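[1] for reference, the sequence and a predicted model appear below.
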Number of protein chains: 2
Amino acid sequence: MEPDPALPRLVVIGAGFGGLAAAQGLARQPVALTVIDRRNHHLFQPLLYQVATAGLSPADIATPIRSLFRHRRQVRVLMAEVTGIDVAGRVVRTSAGSVPYDTLVIATGAQDAYFGHSAWERFAPGLKTVEDAVAIRRRILLAFEHAEAEPDPERQRRLLTFVIVGGGPTGVELAGAIAELAKVALALDFRRIDPRSARVVLVEAGPRVLATFPDPLSEAAARGLHELGVEVRTGAAVSDCDADGVALGATRIEAATVLWAAGVTASPAARWLGVPADRAGRVVVGPELTVPEHPEVFVIGDTAHVAGPQGRPLPGVAPVAKQQGEYVARAIAARRAGRAPAAFRYRDLGNLATIGRGRAVADFGWIRLSGRFAWLLWGLVHVAFLIGFRNRIAVLLDWLWAYVTFRRGARLITAPHGPPEEAPDPPVAVQAEERRAG
Amino acid sequence: MEPDPALPRLVVIGAGFGGLAAAQGLARQPVALTVIDRRNHHLFQPLLYQVATAGLSPADIATPIRSLFRHRRQVRVLMAEVTGIDVAGRVVRTSAGSVPYDTLVIATGAQDAYFGHSAWERFAPGLKTVEDAVAIRRRILLAFEHAEAEPDPERQRRLLTFVIVGGGPTGVELAGAIAELAKVALALDFRRIDPRSARVVLVEAGPRVLATFPDPLSEAAARGLHELGVEVRTGAAVSDCDADGVALGATRIEAATVLWAAGVTASPAARWLGVPADRAGRVVVGPELTVPEHPEVFVIGDTAHVAGPQGRPLPGVAPVAKQQGEYVARAIAARRAGRAPAAFRYRDLGNLATIGRGRAVADFGWIRLSGRFAWLLWGLVHVAFLIGFRNRIAVLLDWLWAYVTFRRGARLITAPHGPPEEAPDPPVAVQAEERRAG
């Protein structure tokens, strides 16, 4: 069934927090809406680190985009890769053909930034997609497996050293979760090694972790990480990165696993549109989140540069993207009604970050919390914002089980390139070679 | 901690149903036990088809082998690939070094057999591992996505045609599950195509499906498949197979998705041991499941050829492997006690197979069932035999949710070779090319 030609053609690119909020708002309006995403699922990224650390299954935090609009016959979902945009001709070019629009909403998010060191990506993967999370989970769990099979103490130490680069919420959550995995969930499972001896290092270039939070909460987070046995190194910038570890200026850390949470760069929307971008690659939009000279093109979420209080751009977090998506839907409705939409204003409802079991920080401006209550709050908020009843129940179940048993529900090593019988796992093979050689 | 040198060294290769049963029995005995598996997890294969059809998450049917023995300090688990066995020297060679043994249990299972047409494997993947299941899930879900983006009706029809080769339990379960996915779970999710128009063909070379079941139950299964809209073609052997479909002698079926459930061949244990194998590559063992001239080497499960009633070898099913594993543990205990173990005898407790929602067949010899009650029985038995409390709850939850909502909990398309941004999905790209060309 093709959309009604009489209806205005709305196209939303990207079904993350921003795009989905916009699409859900627009789906209630009399428009022919097309949602384009390279994925078939919306991903709840705030919990992706728990997939990477074997706590949750990918499906628990992903929802098929189609099923969210199954009862909206005027909404079409297209799984395709956007290759370009013809702004003059008002057409989105995709791997599955061209899609014309009257109004366009771009919410294509961001990807990990390696600040000109793209070679590091191989050694220090980031955490943006389900594939990233499963690959990191594989890396972390294999490190322990290889350490158990490794007679050489030095190699063993390297295998049991984990470096997380970047002290923002993702880095802090990853570091805490890996420390808990090693010191609790895996504690009794090995014979030659003691997983509790694993070394987890969190590297932050700035003076403190969780820099977007007030000082006292940063300190609380650092304390919590110390208690979990995480080594926090602030004021330490990565100067080099290879398969065997990282260099922090003069000091070098030998580590088989290095994870990247040090920053992101926006998707290539600015290039598609041929408009100016800021240093992070974000499209600079006006008060109505539209592109200069193109009121029919909205850019929101991590892809947009929107001036916030004190002139600083709004942070690339879910609440900002969601509110912008909702705003766009309202603004488009207002325009159809012949009214001029008011400028976008971000309502900061507070920030949450978790460090580990019973440990989190919460900043609501008027009140600051840390510890168990902040942790419960963090859990409630995240389950509440998860899409879909099934996912909420599944996550709650996995959390309850992990809380009671101190174990992880998804300790699964799966091969990235087909099953091992086709591609035997290199690290193990290499080790065996070395052993025969030595 | 290395195992006590005073204890007899037991090695179990493979932690499937047979190997795990043997290992769990041996873990209760005063022996130094090493369990070797190329995977870190035990996989509940009977439900793997539900992962392949987006019903369950991989972690729901997988359990880390280590965690099953965490409290048995004399049990060591080694994740490694077996490369050979030195029977004279009593050493297992692995990708992680050599492992000496006093007694060896081989339970390395079977892999898909293409009967001399290994080229077909690319076009018609089988269902043995988590990777297989996730790749098949991707294939099935992408077929619908590509069909939705495909303007050419003929290509669309091919994309919406699914051929399952092999009418055994796995083939029947896959065919039924794909039909239900298309006709129920996805029914409302597309706009250009109607998933209910999808064509699902089950191809069986023999005269009937579920050939190991009595005639009336085979007929009941065939009827159930018909009611689900599955086209059952018995007496039809695949003569060719490529990316666009299969040939059954003169007739050809254009299908973008072909799945293989037509038979298996044993793991290379016979080659490792240098002993005779049957036509299916299984090691022919004696009444005590040991290799001729080598009473210290047991072979069980799908890897073993054990003469059953009427001289036919026992089928390669979970109950046979489990009973053999339990027997081996008992036999080894008897030997240590200086007693000669009695020969292995298989107690057939009956066969179950499911066709779809409310449809299954059960054969207990003294009674035969089909329909809703057999289906409930099937569900109960499978949950009961799942390893681990968490997995039982998770599977029950997903089943309940699917039963109530008629939806699938794990409709996730993930890239097999890293995220799409690195390797854009070929089929879509190809279509776009074709479209530009045409």
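    Arrived safely, thanks for sending.
[2] who in the stretch 1-150 of chain A is up against chain B?
    A:1-3, A:38-41, A:57-60, A:62, A:64, A:66-67, A:70-71, A:73, A:76-81, A:94-97, A:111, A:128-132, A:134-135, A:141, A:145, A:148-149 (Cβ under 8 Å from any Cβ of the partner chain). Quick note: C-beta positions are derived from backbone N, CA and C, even for glycine.
[3] just the buried residues from these, in ChimeraX please.
    Here is the ChimeraX command that picks out the buried ones among those, judged by 16 or more other Cβ atoms under 10 Å in any protein chain shown:
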select /A:3,38,39,40,41,57,58,59,60,62,64,66,67,70,76,77,78,79,80,81,94,95,96,97,111,128,129,130,131,132,134,135,141,145,148,149
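[4] just the residues of the stretch 1-150 of chain A next to chain B: which are in helices?
    Members of those lying in helices (criterion: DSSP state H): A:66, A:67, A:130, A:131, A:132, A:134, A:135, A:141, A:145, A:148.
[5] what's stretch A:47-54 in contact with?
    With Cβ atoms under 8 Å, 6 or more residues apart in numbering or on different chains as the test, stretch A:47-54 has contacts from A:56-58, A:60-61, A:127-128, A:130, A:132-134, A:136-137, A:140-141, A:170, A:173-174, A:177-178, A:180-181, A:185, A:382, A:386, A:395, A:408-412.
[6] among those residues, which are in strands?
    Judged by DSSP state E, strands contain none of these.
[7] and the pLDDT for residue A:429?
    Note for residue A:429: predicted pLDDT of 30.
[8] run a quick neighbour tally on residue A:339.
    Residues within reach of residue A:339, counting by other Cβ atoms under 10 Å in any protein chain shown, total 10.
[9] quick check: the residue of the stretch 201-350 of chain A nearest chain B.
    Closest residue of the stretch 201-350 of chain A to chain B, Cβ to the nearest Cβ: residue A:267 (9.5 Å).
[10] which residues does that residue contact?
    A:14, A:108, A:109, A:110, A:111, A:281, A:302, A:303.
[11] ok, now residue A:33?
    A:3, A:10, A:11, A:12, A:23, A:26, A:27, A:72, A:74, A:75, A:76.
[12] how would you label it: helix, strand or coil?
    Reduced to three states with DSSP: H, G, I helix; E, B strand; the rest coil, the structure at residue A:33 is strand.
[13] distance of it relative to residue A:12?
    Using Cβ to Cβ, to the nearest Å, we find residue A:33 at a distance of 7 Å from residue A:12.
[14] shared neighbours of these two, which are they?
    Common neighbours of residue A:33 and residue A:12 are listed as A:23, A:26 (criterion: Cβ under 8 Å, 6+ apart).
[15] can you show me the strands along the stretch 301-438 of chain A?
    Taking DSSP state E, counting those that start in this stretch as the criterion, the stretch 301-438 of chain A carries its strands at A:304-305, A:351-356, A:359-363, A:368-370.
[16] could you give the backbone dihedrals for residue A:12?
    Main-chain torsions, residue A:12, degrees, to the nearest 10: phi -110, psi 120.
[17] distance of it from chain B?
    As judged by Cβ to the nearest Cβ, to the nearest Å, residue A:12 and chain B stand 15 Å apart.
[18] neighbours around that residue, how many?
    By other Cβ under 10 Å, the residues close to residue A:12 number 33.
[19] quick one: residues contacting it.
    By Cβ under 8 Å, 6+ apart, residue A:12 lies in contact with A:19, A:22, A:23, A:26, A:33, A:34, A:35, A:36, A:104, A:105, A:107.
[20] ok, the second one - contacts?
    Listed by Cβ under 8 Å, 6+ apart, the contact set of residue A:22 reads A:12, A:105, A:107, A:298, A:300, A:324, A:325, A:326, A:328, A:329.
[21] okay if I get those residues as CSV plus pLDDT?
    Putting these into CSV (pLDDT from 0 to 100) gives the following:
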residue, pLDDT
A:12, 98
A:105, 98
A:107, 98
A:298, 98
A:300, 98
A:324, 98
A:325, 98
A:326, 98
A:328, 98
A:329, 98
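[22] contacts for stretch A:271-288, please.
    By Cβ under 8 Å, 6+ apart, the list of residues contacting stretch A:271-288 reads A:82, A:84-85, A:87, A:106, A:110, A:113, A:264-270, A:291-292, A:294-295, A:297-299, A:302-306, A:313, A:331, A:341, A:343-344.
[23] for that stretch, list the C-alpha coordinates in CSV.
    C-alpha atoms of stretch A:271-288 as CSV (Å, rounded to 0.1, in the frame of the first residue of the first chain):
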residue,chain,number,x,y,z
ARG,A,271,28.0,17.0,4.2
TRP,A,272,24.7,15.7,2.8
LEU,A,273,23.2,19.1,3.2
GLY,A,274,26.2,21.1,2.2
VAL,A,275,25.8,23.4,5.3
PRO,A,276,28.4,24.5,7.9
ALA,A,277,29.2,22.2,10.8
ASP,A,278,30.8,22.8,14.2
ARG,A,279,34.1,21.1,15.3
ALA,A,280,32.2,18.0,16.3
GLY,A,281,30.6,17.7,12.8
ARG,A,282,27.2,18.8,14.0
VAL,A,283,24.9,20.9,11.9
VAL,A,284,24.4,24.4,13.3
VAL,A,285,20.6,24.9,13.4
GLY,A,286,18.4,27.9,14.3
PRO,A,287,16.0,28.3,17.2
GLU,A,288,13.4,26.1,15.4
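[24] now it: buried residues?
    With burial defined by 16+ other Cβ under 10 Å, the residues of stretch A:271-288 counted as buried are A:272, A:273, A:275, A:277, A:280, A:281, A:282, A:283, A:284, A:285, A:288.
[25] who in the stretch 201-350 of chain A is up against chain B?
    Within the stretch 201-350 of chain A, not a single residue sits near chain B (Cβ under 8 Å from any Cβ).
[26] for the stretch 201-350 of chain A, what spans make up the helices?
    Secondary structure of the stretch 201-350 of chain A (DSSP state H, counting those that start in this stretch): helices at A:215-227, A:269-273, A:318-336.
[27] give the other helices and strands that the last one contacts.
    This means helix A:318-336. helix A:17-27, strand A:103-106 (3 or more Cβ pairs under 8 Å, 6 or more residues apart in numbering or on different chains; DSSP states H and E).
[28] do the first one as well
    Here helix A:215-227 touches helix A:169-180, strand A:230-233, strand A:351-356, strand A:359-363, strand A:368-370, going by 3+ Cβ pairs under 8 Å, 6+ apart.
[29] who's residue A:164 bridged to?
    Here residue A:164 sits in beta bridges with residue A:202, residue A:259, going by DSSP bridges.
[30] list the residues that contact it.
    Residue A:164 makes contact with A:171, A:174, A:175, A:178, A:200, A:201, A:202, A:203, A:258, A:259, A:261, according to Cβ under 8 Å, 6+ apart.
[31] could those go into CSV alongside neighbour count and pLDDT?
    Below are these laid out as CSV (neighbours: other Cβ atoms under 10 Å in any protein chain shown; pLDDT from 0 to 100):
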residue, neighbour count, pLDDT
A:171, 23, 97
A:174, 28, 97
A:175, 31, 98
A:178, 27, 98
A:200, 27, 98
A:201, 21, 98
A:202, 29, 98
A:203, 25, 98
A:258, 25, 98
A:259, 28, 98
A:261, 25, 96
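[32] run a quick neighbour tally on residue A:136.
    If we define neighbours as other Cβ under 10 Å, then residue A:136 has 24 of them.
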